Each structure stands twice: as structure tokens, then as C-alpha cells.
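Novice: sequence-free structure coming up:
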DNA sequence: TATTGTTATACTCTATAACTATA
DNA sequence: TATAGTTATAGAGTATAACAATA
């Protein structure tokens, strides 16, 4: 089936492009000391409010031990607060600290500087294309 | 400027989506023992023929020491051959071995299985979108 | 001296397995 | 027993700095 072949080729092209761009992005972390993964968690807490570790791990599609590391780093940096859920003390609830909120606010102006600069060089059509494709990529990641 | 704000938001959405999907893809490596990064290098050697280490590193947008690791793993797996360039013995030329070529041939049928399955669930329009965006992502990675 | 590639070292991100605390 | 989270351990992928071999 030629449709299937096209799909396999597309999968290959797409994956290679994704890897290269992700690698490039990781090299461009703007703020030393706060990684892209950590910023992603801060953004999730900002969008969805306080969450426990399992919820954060599910949201970010990582295993709990990976999230333990990320939240530990964020807590040490003073960007999130942790508290035990009074109803079930096995749950650890994380939320943005005032400093974390401030970080996101400041970061919003300068983050993604490299990618934004590249996007500015694109045509309007290309930006529309990327805008349309972002939620699709996210859906693929969560399927 | 609202255009600039939109660009920053787009950069953020796009980056988060890229990270999640890349993470998901890395978790789905089909063939145990050969990683996605290694397959990417095999593909580059297949497309562009023999290359030295610096050329491979530039092609994959990594630093030379990173590529040294990758080629060492591929050589140990018997998937690439190395030889000294007779004209300049500082250059190490890498090429696909017969086994590496065979690996790519077999892999072509089964690789990207997870992503291909997901892509098959998409509409034709969505696949067209991804097909159009793949080279754009690659261009961004190389800019 | 300059260039190519490797080695030494370290950090990020991820995972699985085993453990602790709580329910 | 079952669940939530942490710790221990490991491996892939990346980087910079220092080095060896070759030009």
C-alpha cells in the first residue's frame, strides 16, 4: 500500500527533524540554572494549578522518579513549594512559589528567544503552519 | 507588538510539544541495542555516503566528542566501518558496513512503527500538515 | 603551529527496581 | 496489602577542556 509507505517515510522524516530541533533547542537554554524540562513543569503548574507528583508525572509523560528529580531541583531553586496533602499524607502537593511565578513572568519576555528569533525570519504562512501543528504534535505525544 | 507576542507564544507551545513528542519517541525505540541517535547517523551515511567525523558531527549538529561516542557504538555493533583517509591520516572516514546496510533495509520496514501507527490514525489533512512541516523543522534546527 | 579526532570529566534526562511512609 | 513518593543505580546523550597524532 502506497499510503502505508508514505506514512513510514513521513514518520522517519518527522522523527529526524524533531530530534535535530530538540537537540538544537536544548543547546540554547537561555537561563543558566533552570532547564527547559524544569520550565515545562513550572508552566504546567501555572496552567493547571497545584498538582501532586503523580499528576505532574502524568502531565509531562515521565515516570515518577524522573519527576522527583525535577521537582527537587525546582524546590531547591525556590521556584516551587511542596506541602503534604492533609487528607492523605502520602500525596505531596506542589505549587508555584511567589518566586516561581515571578520567574515565569520574567521568563515569558525572554524565553524561547532563540526559537522566536528564528520564527520571526519565517513567512506568515510558515508560522501559521507551525501554529497549527503544535497541538497536533502534543496530541501525538499523548497518544 | 502583537506579532512579537504571538511569536513568543508560538515558540513556547512549539518547544513544549517538541519536547514531549521527542521524549515519547525515545521511549519507543523498536530495536533494542540500536538507539534513535545511532539510526539517525546510519541514515545520514546512507543518504550522503562516507563521511569523516567532523562532517558527521556537523550533519547531525552535535560536537565532535558526541559523535565519537556514537560512531564508537556503531562500530562496536558492526554497523559502520572506519578507515583512515590515505591523503590526510588525521581524518577518519566512516561508512556503512554490509551489516549496517542490511540493518537499515530491515529497519525500514519496521522502524518508526509507533509513530507510523499514530500517523495512520490521523486525517489526510493532518498528515499533509506534518509532511509540510517536517522540512521546516529541519530548517529551524540548522539555522 | 593548526587541525582532527579522542579521552577525561561532568551534567541533564530518562528509566527500572527496591525501599519507606502512609492508608 | 495497596498506593505515593523517594532512593539507588544505570544508561543515553550531550557538552567543554585537555590531549595525541598528523599535517
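Specialist: Yep, that arrived. Being a predicted model, the structure only gives us computed values, none of them experimental. Numbers count the residues shown, from 1 in each chain, chains lettered A, B, ... in the order given.
Novice: mind listing the helices for chain A?
Specialist: Secondary structure of chain A by DSSP state H: the helices cover A:2-26, A:36-48, A:53-60, A:64-76, A:98-110, A:113-120, A:124-141.
Novice: and the end-to-end length of stretch A:37-57?
Specialist: In stretch A:37-57, first residue to last residue: 12 Å (C-alpha to C-alpha, to the nearest Å).
Novice: ok, and what's touching it?
Specialist: Stretch A:37-57 is contacted from outside by A:31, A:59-60, A:63-64, A:66-68, A:70-71, A:73-74, A:77, A:79-80, A:85, A:91-96, A:100-101, A:103-104, A:107, A:111, B:12, B:16, B:19, using C-beta atoms under 8 Å, 6 or more residues apart in numbering or on different chains. For glycine as for every other residue, the C-beta is placed from the backbone atoms N, C-alpha and C.
Novice: now swap in stretch A:115-135 and tell me
Specialist: A:25, A:28, B:4, B:6-8, B:10-11, B:13-15, B:17, B:129-130, B:132-133, B:136, B:140, B:143.
Novice: ok, stretch A:59-72 next?
Specialist: A:37-38, A:40-41, A:44, A:48, A:51, A:53-54, A:56-57, A:80, A:82, A:94, A:141-142, B:20, B:23-24.
Novice: what subset of those residues is buried?
Specialist: Among the contacts of stretch A:59-72, those that count as buried by neighbour count (16 or more other C-beta atoms under 10 Å in any protein chain shown) are A:37-38, A:40-41, A:44, A:51, A:53, A:56-57, A:80, A:82, A:94, A:141, B:20, B:23-24.
Novice: looking at chain A, which helix or strand is least sure?
Specialist: None of the helices or strands of chain A scores lower by mean pLDDT, DSSP states H and E than helix A:2-26, at a mean of 80.
Novice: which residues of chain A lie near DNA strand C?
Specialist: Within chain A, the positions adjacent to DNA strand C are A:35-38, A:60-63, A:65-66, A:69-70, A:73, A:88-90 by C-beta under 7 Å from any atom of the strand.
Novice: distance from the least confident helix or strand of chain A to the middle of the chain?
Specialist: How far helix A:2-26 lies from its chain's middle: 20 Å, per C-alpha atoms, centre = their mean, to the nearest Å.
Novice: contacts for it, please.
Specialist: With C-beta under 8 Å, 6+ apart, helix A:2-26 has contacts from A:36, A:114-115, A:137, B:15, B:18-19, B:21-22, B:25, B:36-37, B:40, B:43, B:60-62, B:108-109, B:111-112, B:115-116, B:119-120, B:127, B:130-131, B:134-135, B:137-138, B:140-142.
Novice: the same query, at a cut-off of 7 Å, please.
Specialist: Contacting residues not belonging to helix A:2-26 are listed as A:36, A:115, B:15, B:18-19, B:21-22, B:25, B:36, B:40, B:43, B:61-62, B:111-112, B:115-116, B:119-120, B:127, B:130-131, B:134, B:137-138, B:140-141 [C-beta atoms under 7 Å, 6 or more residues apart in numbering or on different chains].
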